[in-house]
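Undergrad: sharing a sequence plus its predicted fold:
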There are 2 protein chains.
Amino acid sequence: MYAVIMAGGVGTRLWPRSRESRPKQFSDITGNGLTMIQETAKRLQGVVDGPELYVVTGAAYAGLTTEQLPQMPADHVIVEPSGRNTAPAIGLACLHLRRRDPDAVVAVLPADHVILQPEHFRTALQRAGEIADQGFLVTLGIEPTFAHTGYGYIKRAEALVDDGGLPAYRVERFLEKPKRIAAEQFLAQGGYYWNGGIFVSRVATMLDELARQAPAIYDRLMQIDAAMAGPDVWTVLQAVWQSVPSVSIDYAVMEGAHKVAVVPMQAGWNDVGSWDALETVLEPDEMGNAIARGEVLLLDSCNNIVYSDKRLVALINVSNIVVVDTGDTLLIGDKSNMQRVKDVVEKLRAQGRNELL
Amino acid sequence: MYAVIMAGGVGTRLWPRSRESRPKQFSDITGNGLTMIQETAKRLQGVVDGPELYVVTGAAYAGLTTEQLPQMPADHVIVEPSGRNTAPAIGLACLHLRRRDPDAVVAVLPADHVILQPEHFRTALQRAGEIADQGFLVTLGIEPTFAHTGYGYIKRAEALVDDGGLPAYRVERFLEKPKRIAAEQFLAQGGYYWNGGIFVSRVATMLDELARQAPAIYDRLMQIDAAMAGPDVWTVLQAVWQSVPSVSIDYAVMEGAHKVAVVPMQAGWNDVGSWDALETVLEPDEMGNAIARGEVLLLDSCNNIVYSDKRLVALINVSNIVVVDTGDTLLIGDKSNMQRVKDVVEKLRAQGRNELL
């Protein structure tokens, strides 16, 4: 199996640690000594190792990528001239893989997620690979733990296998982010999964579906493919990329594909969509404080989340706050309002404080 | 008039800005660009200027003192070999002043207080000087604004002057820090003032009272005085100082003195006894946030106090907290619990973290 890690995103939700110059996937967010992309590569080990690993990212992050993943050949960094959402990025990666191995099965994964039980993840991934071999586009379906309204959902149909191993199902349909009441129904009813953006398929299946469902993307990919052996590949890529439609793989391919399957996974998945998520992916102390990094001295303080670069953080009688202490910026927020970090970033952008973005 | 600024204290209440290596009087706490001792010297200007200014402090802070008060002759730094509370320190300063001017009237002031209306302070000081000239030990009595239980109180007796200027009264007695109910009675009854530790007297009056009431201190001061013209003054001072009783000027002199007066003062006095006091000495914004130093970006956050060395501080939906951001330490506390800073310092001391004290 091959893997393509999608590492082009520039999120603001983990600002001030996540910056335009170093998005969260290139930072150690959980304080375990590995950056998120390193963690992503590490959890693939045994199923996909360095030589079979690829990364799609922007030109600005190619250096960070090779630096952080020395086990991967440097020419496995596939550079997008600009962000065009997931469908073109995955298509571009498939061109490279098809040249290397026409029968390749590829796993596509975001670079910035946390998975607490990587062995469960690998088992699910291998099962997905087997189903993908039969011509399916396979998505890993994350068993929902509550009625989250911020994710897309996958509704399963009939079972595809019955061999005593991990189950796999045909997908009935993909659902957009639901309203709360719908999300609660999904949970009560069962058979629904969060769409975490992890897919497995044969490269040929993916390209065929792109050709059938998204010819505007596919045609441009073919122009790029034609130039790939030659000296002008970067020039062609840049020129063509400007007119590639910016579409997600869900919308462009998955929702309308002929054969789509889901392999359920219960592996402690978390997309670390805001600072308060650290509480879920770390082991809090007996007072409920989750310390990601840094030295913390606590007096009667509970249920806080602290991420400190270097300095001692002393808390006196404060609760339910998040403290993110970086070199040039200090963020302190109420735990249940951390999605507002994006408002802080927007304010700074409006003020032209680009050095802080 | 002469002035002696008492700058030997090493408080922990404004940690982490106040450190053993640089106590709060040598730091800019209110963010106006002046350290507290500079502010203290500045507010004396016009009544006592540089040439008449003296500072008593520890050897460790002599350098900081001359650096921060260049308008004062360097030999006006009177070094205590060790901290022996206020009575010996004031006595030592009086020896120096008596040699310069036997008729000197001296104001003794703490180095680390804030006074928002310095012109009122100067008027009161001048009035105190007039009363001191008549042989009184004069204390400035701070008009209480609430029933504070952390200060000593001064109860006034009959009026001493009736010339249409500032009033002055004989002191009936000094009272220790009261219980709440007593403090409330003081306020309701009137005629009580906070003891802010600001005294004015003739040098001769002070030394006479020390001789009469505190002979153990006075005798040792005379030993030091005898050595003062000679080359061994520092050796003698060090030797004698070890056996000087450590007593406050209130206890040693003021409470039992023959002629004690109080000049009331309403000048926005604050001893900045903890970080939450900054709220009182700064102008909060319309949301009640008091920003002493630093750049702060606020989203729905109110009634906070922020002191930041350099970095941007972003607050999201937090209220009633104090943030003190220094080079190596970040302190975040509930506003009504900031007196617990001393517990943090004690914990660090117990851990041997001397670099943070």
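TA: Everything's here; your move.

Undergrad: spatially central, which residue of chain A would that be?
TA: A:Pro110 (2.3 Å; CA atoms, centre = their mean).

Undergrad: chain B versus that one, what's the distance?
TA: Distance, A:Pro110 to chain B, using CB to the nearest CB, to the nearest Å: 26 Å. Where you see a C-beta, it was placed from the backbone N, CA and C, and this is true even at glycine.

Undergrad: likewise for A:Val318?
TA: 5 Å.

Undergrad: so how far is B:Asn337 from that residue?
TA: For A:Val318, the distance to B:Asn337 equals 9 Å [CB to CB, to the nearest Å].

Undergrad: these two: which has the busier surroundings?
TA: Each of A:Val318 and B:Asn337 has its neighbours counted (other CB atoms under 10 Å in any protein chain shown); A:Val318 has more, 24 against 18.

Undergrad: thought the more buried one was touching B:Leu331?
TA: No. Using CB atoms under 8 Å as the test, A:Val318 is too far from B:Leu331 to be in contact (10.4 Å).

Undergrad: tell me the confidence at whichever residue of the stretch 51-200 of chain A sits closest to chain B?
TA: Using CB to the nearest CB, A:Gly150 is the residue of the stretch 51-200 of chain A that sits closest to chain B, at 18.3 Å. A:Gly150 is assigned a pLDDT of 92 by the prediction.

Undergrad: count the residues that sit near it.
TA: Here the number of neighbours of A:Gly150 (other CB under 10 Å) works out to 12.

Undergrad: can you give me the strands in the stretch 51-200 of chain A?
TA: A:53-58, A:77-80, A:105-110, A:114-115, A:137-142, A:153-159, A:169-175, A:192-202 (DSSP state E, counting those that start in this stretch).

Undergrad: so can I have TSV of those showing mean pLDDT?
TA: Shown next, in TSV, are the strands of the stretch 51-200 of chain A (pLDDT from 0 to 100):
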stretch	mean pLDDT
strand A:53-58	98
strand A:77-80	97
strand A:105-110	98
strand A:114-115	96
strand A:137-142	98
strand A:153-159	97
strand A:169-175	96
strand A:192-202	97
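
Undergrad: give me whichever of those strands is most buried.
TA: strand A:137-142 (a mean of 28; mean count of other CB atoms under 10 Å in any protein chain shown).

Undergrad: could you tell me how far it lies from the centre of the chain?
TA: Taking the mean of its C-alpha atoms, strand A:137-142 sits 13 Å from the chain's own mean (CA atoms, centre = their mean, to the nearest Å).

Undergrad: then stretch A:153-164?
TA: Centre-to-centre, stretch A:153-164 and its host chain are 23 Å apart (CA atoms, centre = their mean).

Undergrad: next one: stretch A:258-272
TA: Relative to the centre of its chain, stretch A:258-272 is centred 12 Å away, using CA atoms, centre = their mean.

Undergrad: so which bits of it are buried?
TA: For stretch A:258-272, burial by neighbour count (16 or more other CB atoms under 10 Å in any protein chain shown) applies to A:259-265, A:267-272.

Undergrad: residues in contact with stretch A:236-246?
TA: A:80-85, A:87-88, A:214, A:216-217, A:220, A:223-224, A:227 (CB atoms under 8 Å, 6 or more residues apart in numbering or on different chains).

Undergrad: run the last query once more with 7 Å
TA: Outside stretch A:236-246, the residues that touch it by CB atoms under 7 Å, 6 or more residues apart in numbering or on different chains are A:Pro81, A:Ser82, A:Arg84, A:Asn85, A:Pro88, A:Ala216, A:Ile217, A:Arg220, A:Gln223, A:Ile224, A:Ala227.

Undergrad: contact partners for A:Lys155?
TA: With CB under 7 Å, 6+ apart, A:Lys155 has these contacts: A:Glu172, A:Arg173, A:Leu175, A:Gly191, A:Tyr192.

Undergrad: can you do 10 Å?
TA: A:141, A:169, A:171-175, A:186, A:189, A:191-193, A:262 (CB atoms under 10 Å, 6 or more residues apart in numbering or on different chains).

Undergrad: could you do A:Gly8 as well?
TA: A:Gly8 touches A:23, A:25, A:55-61, A:78-80, A:82-86, A:89, A:111, counting by CB under 10 Å, 6+ apart.

Undergrad: how much space between it and A:Ile142?
TA: 22 Å.

Undergrad: before we move on, what about A:Val106?
TA: In terms of CB to CB, A:Val106 sits 20 Å off from A:Ile142.

Undergrad: so chain A: which segments form each domain?
TA: A:2-270, A:275-356 (automatic domain parsing).

Undergrad: generate CSV for those, with distance to B:Tyr307 as supplementary columns.
TA: CSV is the format used below for these (distance: least, CB to CB, whole Å):
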stretch, distance to B:Tyr307
domain A:2-270, 19
domain A:275-356, 12
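
Undergrad: now list whatever residues contact both of A:Val318 and B:Leu331.
TA: B:Val322.

Undergrad: go ahead and confirm A:Gly83 touches A:Gly11.
TA: No. Taking CB atoms under 10 Å as the definition, A:Gly83 is not a contact partner of A:Gly11, at 11.8 Å.

Undergrad: these two touch, right, A:Met287 and A:Val318?
TA: No. Contact criterion CB under 10 Å: A:Met287 and A:Val318 do not qualify, at 11.6 Å.
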